[in-house]
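Colleague: let me see the structure of the following:
(one chain, ligands or ions: 2)
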Amino acid sequence: MISLVENQTAQTELLTDSAKLLQHVEEVVNQMPAVDVHTHVLPPQFQSLFLYGIDDLLTYHYLIAETFRSTELSHADFWAMTKTERADLVWQTLFVENTPLSEAARGIITILTAFDLDPRAPNLNEARAFFASQDPQQHVNRVLDMARVSDLVMTNDPLHEQETNLWEENISFDKRFHASLRLDSILNDWGNAVPLLSEQDFDVSVKLEGQTFNEVRRFLDKWILKMSPVYLAVSLPAEFKYPDDDVRDRLFNEAILPTAREHGLPLALMIGVRRGINPALRSAGDGMGRADVSTVERISARNPDVRFLATFLSRENQHELCVAARKFNNLMPFGCWWFLNNPSIVSEITAERLELLGLSFVPQHSDARVLEQLIYKWGHSRKVIARQLFEMYERLLASGRAVTPKEISRDVLRLFSENFRAWTANVR
Ligand code: RAT
Ligand code: ZN
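Modeller: Ligands and ions are numbered 1, 2, ... in the order given. Below you'll find the model as predicted:
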């Protein structure tokens, strides 16, 4: 009883000493369970779509792109290799012949170290043996524990044949994995989406004639029922405009937004990607561009009854997104996406969000594709977020208001899970 009372006193003690404040913020940020609001990780029940282990880690598209900066090998020769051979090449090039300084390369080192594997190993024998010996479900539990991820959101494509076959079998899987319904093919590649929708028996036309909009809505209803997604999502090019006079705009207005509204589902907009700027790199060949943030202002203004999650890929758009979110409380900035997920940029973005939005944003998502990436992506981000939060509290202290441990826990809880849970009623 005494320790409980002491503990409660400690929780409301004013932290007026900087060193103690820093230590406390770091501890809370490190320990707080996070909801990872956007990943591409799938659970073991998704069979070969469940990516884990050293070969998947090293053949991550971020590392493939980096390998080509330091090898003479042609793209064609690389793609002719097996996954094992590609992983060996990436290891040799980026980790043996070079010092793995880039964020994606250092991430591998963080993972190997976390599992007590040799980060200077001359080859991958030890790492391969280790990952091959893991029981998949226990390994998932262990990794989520290590990353302190309580829940994660997958990316689920209702036009991906292998994935839809599994959903059609009503597979059951880990409740910590939540679906998000991805709309990229429909909204960015309608011409190719049409035959795929037809194969699923939806009567749609390239020219949007006849029952097309009703049929797209029926398709979305079907997959919402099957997947119970926590939001609908789409990645969009830098040139995305709303409103516009193209097919995408009509699909947005006549199928996607009404569906979001009717099901009470948020719509995640991920803006600024330029797909395939170097096709020879395949999935590693995407680039980025600066987008027009006034587009999300207009979409938020015209659809006040829909909640939007938004992330931009260009560093230059980040400040504008903060200002847009100040004006529209149905707009939630989230994460430091893809090329922004580097400590220097996460630092800067987190600081400007805290300064402009207080605690009303989702600071990070991992975008992990391979299970163990959760360990480094969350580990590295937590360090940077803790530092930024500490600096804000320290400034507040200098202005005359100290914070208590209880307030710090409340704030970090809000950033790491409550803001997202409030947005997506389905994540409990
Ligand atoms: O960040 C990434 O890994 C990219 O390849 C994309 O998946 C991007 O995050 C997306 O969701 O389109
Ligand atoms: Zn992604």
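Colleague: state the pLDDT value of the closest residue to Asn303 other than its chain neighbours.
Modeller: Spatial nearest neighbour of Asn303, chain neighbours left out: Leu257 (5.7 Å); criterion: CB to CB, 6 or more residues apart in numbering. Placement of C-beta: from N, CA and C, glycine included. As predicted, Leu257 sits at a pLDDT of 98.
Colleague: show me what from the stretch 201-350 of the chain comes close to ligand 1.
Modeller: Within the stretch 201-350 of the chain, the positions lying close to ligand 1 (CB under 6 Å from any ligand atom) are 235, 270, 338.
Colleague: can you pull the contacts of Asp249?
Modeller: Neighbouring residues of Asp249 by CB atoms under 8 Å, 6 or more residues apart in numbering: 241-243.
Colleague: swap in 7 Å and give it another go.
Modeller: Contacts for Asp249 (CB atoms under 7 Å, 6 or more residues apart in numbering) come out as 242-243.
Colleague: same list, the residues of the stretch 201-350 of the chain next to ligand 1, but as TSV with secondary structure please.
Modeller: As requested, those are exported to TSV (DSSP: H, G, I helix; E, B strand; the rest coil):
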residue	secondary structure
Ser235	strand
Met270	strand
Trp338	helix
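Colleague: how about the strands in the chain?
Modeller: 34-36, 149-153, 177-178, 181-182, 232-237, 267-274, 287-288, 308-312, 331-333 (DSSP state E).
Colleague: for those strands, could you give me TSV that also reports distance to Ile349, mean pLDDT and mean neighbour count?
Modeller: Output for those, formatted as TSV (distance: least, CB to CB, whole Å; pLDDT from 0 to 100; neighbours: other CB atoms under 10 Å):
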stretch	distance to Ile349	mean pLDDT	mean neighbour count
strand 34-36	17	98	26
strand 149-153	20	98	22
strand 177-178	24	98	22
strand 181-182	24	98	24
strand 232-237	18	98	22
strand 267-274	14	98	24
strand 287-288	15	98	18
strand 308-312	10	98	26
strand 331-333	9	98	23
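Colleague: so which of those is nearest Ser381?
Modeller: strand 34-36 (8.9 Å; CB to CB).
Colleague: contact partners for the nearest residue to Met332 once chain neighbours are set aside?
Modeller: Spatial nearest neighbour of Met332, excluding adjacent residues (CB to CB, 6+ apart): Leu309 at 5.0 Å. Listed by CB under 7 Å, 6+ apart, the contact set of Leu309 reads 231, 266, 268, 332, 334, 423.
Colleague: contacting residues around the residue lying closest to Leu181 once chain neighbours are set aside?
Modeller: For Leu181, ignoring the flanking residues on the chain, the nearest one in space by CB to CB, 6+ apart is Pro229 at 4.1 Å. Residues in contact with Pro229, defined by CB under 7 Å, 6+ apart, are 156, 179-181, 265.
Colleague: from ligand 1, how far out is Pro229?
Modeller: According to CB to the nearest ligand atom, to the nearest Å, Pro229 and ligand 1 sit 14 Å apart.
Colleague: just Thr404 next, same as before
Modeller: 37 Å.
Colleague: count of neighbours near the closest residue to that residue other than its chain neighbours?
Modeller: Spatial nearest neighbour of Thr404, excluding adjacent residues (CB to CB, 6+ apart): Thr12 at 5.0 Å. Neighbourhood size, Thr12 [other CB atoms under 10 Å]: 10.
Colleague: Ile408 is in contact with Thr12, correct?
Modeller: No. Counting by CB atoms under 7 Å, Thr12 does not reach Ile408; the two are 11.5 Å apart.
Colleague: helices of the stretch 251-400 of the chain, start to end?
Modeller: With DSSP state H, counting those that start in this stretch as the criterion, the stretch 251-400 of the chain has helices at 257-263, 294-302, 318-327, 343-357, 373-398.
Colleague: can I get those helices in JSON lines including mean neighbour count?
Modeller: Listed next are those as JSON lines, based on neighbours: other CB atoms under 10 Å:
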{"stretch": "helix 257-263", "mean neighbour count": "17"}
{"stretch": "helix 294-302", "mean neighbour count": "18"}
{"stretch": "helix 318-327", "mean neighbour count": "18"}
{"stretch": "helix 343-357", "mean neighbour count": "18"}
{"stretch": "helix 373-398", "mean neighbour count": "20"}
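Colleague: in a markdown table, list the ones you listed along with distance to Arg218.
Modeller: Shown next, in a markdown table, are these (distance: least, CB to CB, whole Å):
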| stretch | distance to Arg218 |
| --- | --- |
| helix 257-263 | 10 |
| helix 294-302 | 24 |
| helix 318-327 | 33 |
| helix 343-357 | 38 |
| helix 373-398 | 35 |
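Colleague: among those, which is nearest Asn165?
Modeller: Nearest to Asn165, of all the helices of the stretch 251-400 of the chain, is helix 257-263, at 23.3 Å by CB to CB.
Colleague: for Val293, the count of nearby residues, please.
Modeller: 22.
Colleague: residue contacts, Met154?
Modeller: 39, 41-42, 177-180.
Colleague: filtering these by proximity to ligand 1, which remain?
Modeller: By CB under 6 Å from any ligand atom, no member of those lies near ligand 1.
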